[in-house]
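**Student:** next one to model:
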Amino acid sequence: INAEYMGKFAQGGKTQMKKDLGMMAISYGNVYVASVALGANYNQAVQAIREAEEFPGPSLVLCYTPCIDWGIDMKHMMDSMRIAVESGYWKLYRFDPRLEAQGKNGFQLDAARLKSDINKYLQSQNRFKQLIRKAPEAASSAHEVLTRNVHKGFEGLRRQAMDDTELLDHLKVIVGESVSGDKVLVLYASETGTAADVGKMLAGEFKRRNVRAKAMPMDDYEFDNLPSESKVIIIGATCGQGEFPENSKAFWKAISNPSLPGDWLSETQYAVFALGDDAYVFYNKVGKDLDTRFAELGGKRLVPCGLANEKDDEKWETAWTEWIPELWDELQLEAPEEVLPEPNLKVQLVPQGTPATDRIVPAGARLVPLKESILFGPEGYERDVRHYEIDLADTGVMYNLGDSLGVYPWNEKKQVDEFLKWYGLESSDVLDIEDSASTGKFPSSVTAEQAFTQVLDIFGRPSRKFYELMAMAATDESEAAEIRHLLSKDGKEDFKKFIAETPTYFDLLKRWQSAKLSLEYLLEYIPAIKPRLYSIASAPETDGDTLQLCIIADEWKTPSGASRHGTCTRYLRDLTPTPSQPSFLAARVNNASFTLPPNPQVPMIMVALGTGIAPIRAVIRDRMTSRDRDGAVIGPMALFFGVRNRAEYSYGADWDALHDGGNGPLTINAPAFSREQAEKVYVQNRMREHHEVIYDWIVKQNGYYLLCGPSGPPCAAAKNEIIEAIATCGAKDGFTREKAEQYVTEMQISGRFNEEVW
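**Tutor:** Take a look at the predicted model:
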């Protein structure tokens, strides 16, 4: 909308509301429509654009942005967008016809509460100030009309976003009638969308159990009504260093008010499920704080706060599978009737068809040529550690120091052939796929071999949802009973033993054969193969277009003695590339998860565990290039490298040369070979030999700490050595053990203490 034209057209003020282009487009019924404002909700804007792009038909995304002619300094542009939305002048919503086709409400209001007066928005802009100066009475009248129309329009959108039950309750409140029946309020604090998805899923689960439920962002809820809620479930994600997500900050401010009485929530039962990552200092702080505050205000805790960890095998679902059954038990809600849901996919088998493409490249990935695979260690050594080189020239792929590469593997041909034979498919059979949900998981047609080799993680770890699906599909009652037992509270220990054998989706299908699912269910419920992330071992300033990786094959034995291997490391190991005949990988770059010093002069204490040497190698190579090419002065570096023996001492010749007997740029090179002598030596033992240096570099010179490698006791032991070095060597400067721990915590918060673990 041209602001200058509007200003000239309406200099005398205008009381007639403008046409709503979004609502007009929605009325067609077959157009995806969204209204967004980056400054008000960045994630909603990105999600809307992504959905619009995926929608198989016309899409319209209306984007709000202020104009400098309105008297808004561009540095305040994002705030201006936020005020426009909070006042109701601009609405955030999405309409997806695909949901309507599934019998659901296709309209979603993404900012469901007015948080400020419209005058706050009007007073911030020249075009409205001019009208006030020119015709104050007309301006006042026009503002009143605008306020009424904004509230009326907003109420209409709120109703449009409600289902029938919610609308009935809403209308009862408006006319003064009591709302009867048990209901649950699900509030979520979400930054990236995960907590929002969990909250909406939970509300759906309540509805399946015939309990009315509504899920919404915390800041969209009318806070003063909280004591009237009989049951509140909180899904809270923690951002950064213990911060509340943007859509929950106002709620937290309100509930933190010290004037609220201790019995304010005495009639409210509540439960909290927290989402976080224990790599951060304030792990799950948002959920813990909310759980504590509800209790302080007299709320009745239903179950202990659930603590999800991003590092768990199934991410938040690992803790969820422990927490949610307890909630159902406490609320005495029985499981809903087990009926197989209708699949969103329709699959037609075409024996002589043609696939849409020869190779399926996941969204966001690029094909990159792998040119070298070099085995470290002697032939026949029990552990397979390799150096890989990828040529990024002409691929459009770039990376920064400290980034990781996500590699999309293929399933092993021998295993895929076994599955296809068992299921009764030919590898060349073509599957024509109609996806009513437009997930983008598959092209329109694929061969059976492509589907189960390149797309589906059929040899991966099954989700709990897949077990539930098989229990519903099983025609043999004994098989269904066995699955239900494993998923039950009483079967918890049996389930742990069962999954310790790392069964795959294919294993489950073979075990419970009466639950042989159709292709539609397999293609929908078996997830796509996820990228495996590997820290990049090269530095772009040093290695140019060559990207290097250092990877150990993931192999293990189950408690029964069965041999298992990781899908991606097996895939990479089996490739036989050469510079003239490379193997092409589907891959994408992921941003670094740790913080690097602002300049190469800062001292660094680096701890590498196994192939955790990869990102540390990149850091060292980058520093050496700064010195040798750019003439920069580089700070001292210490490397504590923990491996079992010298066969696993990756790039060892480089470290020895850079150390040069203590005269080189690698000031300290202290490898810890844990199994080369009778008494095991670990990185923490080698760090203990250098406490004075650690204290000087970390405390006196504000150095950085970086540990990379697999998670486990060595990480905690290495951290403890840093604390011990500060406490013992810093005693003369007033440090105690407690103060040393606080110092390391402050390092974590400021980004000077880093751990990249997996």
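**Student:** what residues are up against the closest residue in space to S228 that isn't next to it in sequence?
**Tutor:** Once flanking residues are discounted, S228 sits nearest to E267: 7.9 Å by Cβ to Cβ, 6 or more residues apart in numbering. C-beta: built from backbone N, CA, C; applies to glycine. Contacts for E267 (Cβ atoms under 8 Å, 6 or more residues apart in numbering) come out as P227, S228, S230.
**Student:** and stretch 129-140, average pLDDT?
**Tutor:** Mean pLDDT, computed over stretch 129-140, is 76.
**Student:** nearest residue to G240 in space, please, no chain neighbours.
**Tutor:** Y280 (7.5 Å).
**Student:** okay, now the one you found: neighbour count?
**Tutor:** Using other Cβ atoms under 10 Å, Y280 has 17 other residues around it.
**Student:** can you report phi and psi for the residue nearest to S228?
**Tutor:** Dihedral pair for E267: phi -100, psi 10, per degrees, to the nearest 10.
**Student:** next one: T667
**Tutor:** According to degrees, to the nearest 10, T667 has phi -60, psi -40.
**Student:** so it sits against L639, correct?
**Tutor:** No. If you go by Cβ atoms under 8 Å, T667 and L639 don't touch, sitting 9.0 Å apart.
**Student:** neighbour-wise, which of these two wins?
**Tutor:** L639 (24 against 19).
**Student:** now do the same contact list for that one.
**Tutor:** L639 touches M606, A608, I616, I620, W655, L666, I668, N669, A670, counting by Cβ under 8 Å, 6+ apart.
**Student:** low-confidence ranges, the chain, go.
**Tutor:** For the chain, the stretches flagged by pLDDT under 70 are 1-17, 69-72, 74, 127, 178-181, 313, 437-438.
**Student:** just say helix, strand or coil for the residue nearest to L21 when sequence neighbours are not counted.
**Tutor:** Once flanking residues are discounted, L21 sits nearest to L62: 6.5 Å by Cβ to Cβ, 6+ apart. Under DSSP: H, G, I helix; E, B strand; the rest coil, the three-state class of L62 is strand.
**Student:** against A25, how distant is L62?
**Tutor:** Counting by Cβ to Cβ, to the nearest Å, the gap from L62 to A25 is 9 Å.
**Student:** and G204, by the same measure?
**Tutor:** For G204, the distance to A25 - Cβ to Cβ - is 28 Å.
**Student:** the two: who's more crowded?
**Tutor:** Neighbours were counted for G204 and for A25 using other Cβ under 10 Å; A25 has more, 19 against 13.
**Student:** elements contacting the helix or strand that A250 is a member of?
**Tutor:** Remark: A250 resides in helix 249-255, with elements defined by DSSP states H and E. Applying 3 or more Cβ pairs under 8 Å, 6 or more residues apart in numbering; DSSP states H and E, one finds that helix 249-255 contacts strand 183-189, helix 285-296.
**Student:** may I see the buried residues of it?
**Tutor:** Neighbour counts over helix 249-255 (16 or more other Cβ atoms under 10 Å) mark A250, F251, W252, I255 as buried.
**Student:** quick check: next helix or strand after that helix?
**Tutor:** Downstream of helix 249-255 (by DSSP H and E), the next one is strand 269-276.
**Student:** next one: that following strand to chain centre, how far?
**Tutor:** 18 Å (Cα atoms, centre = their mean, to the nearest Å).
**Student:** show me the strands in the stretch 551-700 of the chain, by range?
**Tutor:** 555-557, 563-565, 583-590, 604-609, 637-643, 668-673 (DSSP state E, counting those that start in this stretch).
**Student:** can you give the contact residues for the third one?
**Tutor:** I take that to be strand 583-590. Contacts for strand 583-590 (Cβ under 8 Å, 6+ apart): 361-362, 364-370, 390, 397-399, 403-408, 531, 533, 575-577.
**Student:** again, only using 7 Å
**Tutor:** 361-362, 364-370, 397, 399, 403-408, 531, 533, 575, 577 (Cβ atoms under 7 Å, 6 or more residues apart in numbering).
**Student:** show me just the buried residues among the residues you listed.
**Tutor:** Using 16+ other Cβ under 10 Å, the buried ones in the contacts of strand 583-590 are 362, 365-366, 368-370, 397, 399, 403-408, 531, 533, 577.
**Student:** next step: those restricted to strands.
**Tutor:** R366, V368, P369, L370, S404, L405, G406, V407, Y408, L533 (DSSP state E).
**Student:** kindly reformat the residues you listed as a markdown table containing distance to D476.
**Tutor:** Putting those into a markdown table (distance: Cβ to Cβ, whole Å) gives the following:
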| residue | distance to D476 |
| --- | --- |
| R366 | 46 |
| V368 | 47 |
| P369 | 49 |
| L370 | 46 |
| S404 | 45 |
| L405 | 45 |
| G406 | 40 |
| V407 | 39 |
| Y408 | 36 |
| L533 | 40 |
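**Student:** residues making contact with stretch 247-255?
**Tutor:** K115, A189, S190, P217, M218, D219, Y221, F223, F244, R293.
**Student:** so which of those wins on neighbours?
**Tutor:** A189 (29 neighbours).
**Student:** how about that residue, nearest residue that isn't a chain neighbour?
**Tutor:** Nearest one to A189, counting by Cβ to Cβ, 6+ apart, is S248 at 3.4 Å.
**Student:** count the neighbours of the one you found for me.
**Tutor:** Neighbours of S248 using other Cβ under 10 Å come to 28.
**Student:** distance of it from L290?
**Tutor:** 9 Å.
**Student:** what does E676 give?
**Tutor:** 50 Å.
**Student:** more neighbours: the two, which one.
**Tutor:** Using other Cβ under 10 Å, the more surrounded residue of E676 and L290 is L290, with 26 against 14.
**Student:** ok, now which ones touch that one?
**Tutor:** Neighbours of L290 in contact, by Cβ under 7 Å, 6+ apart: I234, G236, V272.
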